[in-house]
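Peer 1: structure for the following, please:
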Amino acid sequence: MRNPYEVLGMTEGSSYEELKAKYEELKAEYGEERFLPGDEGAAGAKKLNELEDAWRIIEDARREKEDEQKYGVGYSAVEQLVKQGKYDEAQARLDAINEHDGEWHYYQALVFYKREWLNDCYAHLKEAVRLSPQNTKYKESLAKMSQVLGNAQTPPSQLGDGQAGANAARGNCLSDCCTALCCMDCMSMFCRCCG
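Peer 2: Residues are numbered from 1 along each chain as shown. Here you go, the predicted model:
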């Protein structure tokens, strides 16, 4: 595809307002041309499609630049977006990073944790530790997540606040299984009585 600014007959140094005005002008012109008969209409439709593609590229670049100014770049941007609860945007930033090193897996785990996808979070923390075995932050996070996953009574919101270890002493997998069996027994008695 041609340079998107050339499609508009403008330069990259043009202001956003100038670009938008030119886009609107050409959109109206090509929009009318596409209804002409024969080859003229086909040419108008082709120019309109090229214009729309160019404008999409220009808009995406503009949004990306605004996001970089607002959130920063790389993992600092992912961290800021997670803090603001913008998990889809944080995931999109992660997806745009090609190298999946320990840091990438750590931030992927963070996004999954915030979504409460704990098994996925745990898997990425394990990979972060495997790729960066000397990183104490990754190892501590993995240890805390292991406590949470080993104790169903620990709510996910307590990961990282120092409470996971205290809560781990209150229950374990066996007590959770017993609770589940008691509930199933009560449900089966209820079904027999009311069935």
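Peer 1: any low-confidence regions in this protein?
Peer 2: Applying pLDDT under 70 to the chain flags the ranges 1, 67-73, 151-195.
Peer 1: could you list the domains of it?
Peer 2: With domains defined by automatic domain parsing, the chain comprises 4-71, 102-152+176-195.
Peer 1: winner for burial among those?
Peer 2: domain 102-152+176-195 (a mean of 16; mean count of other CB atoms under 10 Å). Quick note: C-beta positions are derived from backbone N, CA and C, even for glycine.
Peer 1: coming back round to it: turn the domains of the chain into JSON lines, including distance to residue 77.
Peer 2: Formatted as JSON lines, those follow (distance: least, CB to CB, whole Å):
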{"stretch": "domain 4-71", "distance to residue 77": "4"}
{"stretch": "domain 102-152+176-195", "distance to residue 77": "10"}
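Peer 1: which residue ranges of this protein form helices?
Peer 2: Counting by DSSP state H, the segments of the chain that form helices are 4-7, 16-33, 38-71, 74-83, 87-95, 102-114, 118-131, 136-150, 164-168, 173-194.
Peer 1: show me what the second one is packed up against.
Peer 2: Helices and strands touching helix 16-33, as assessed by 3 or more CB pairs under 8 Å, 6 or more residues apart in numbering; DSSP states H and E, comprise helix 38-71.
Peer 1: chain center to the helix it packs on, what's the gap?
Peer 2: Taking CA atoms, centre = their mean, to the nearest Å, one finds helix 38-71 lying 24 Å from the centre of the chain it belongs to.
Peer 1: do stretch 135-148 as well
Peer 2: Computed by CA atoms, centre = their mean, the chain-centroid distance of stretch 135-148 equals 22 Å.
Peer 1: please apply the same query to stretch 100-109.
Peer 2: The chain centroid and the centroid of stretch 100-109 are separated by 13 Å under CA atoms, centre = their mean.
Peer 1: what does that stretch contact?
Peer 2: Residues outside stretch 100-109 that contact it (CB atoms under 8 Å, 6 or more residues apart in numbering) are 75, 78-79, 82, 90, 94, 97, 120-122, 124-125, 127-132, 135, 137-138, 141, 145.
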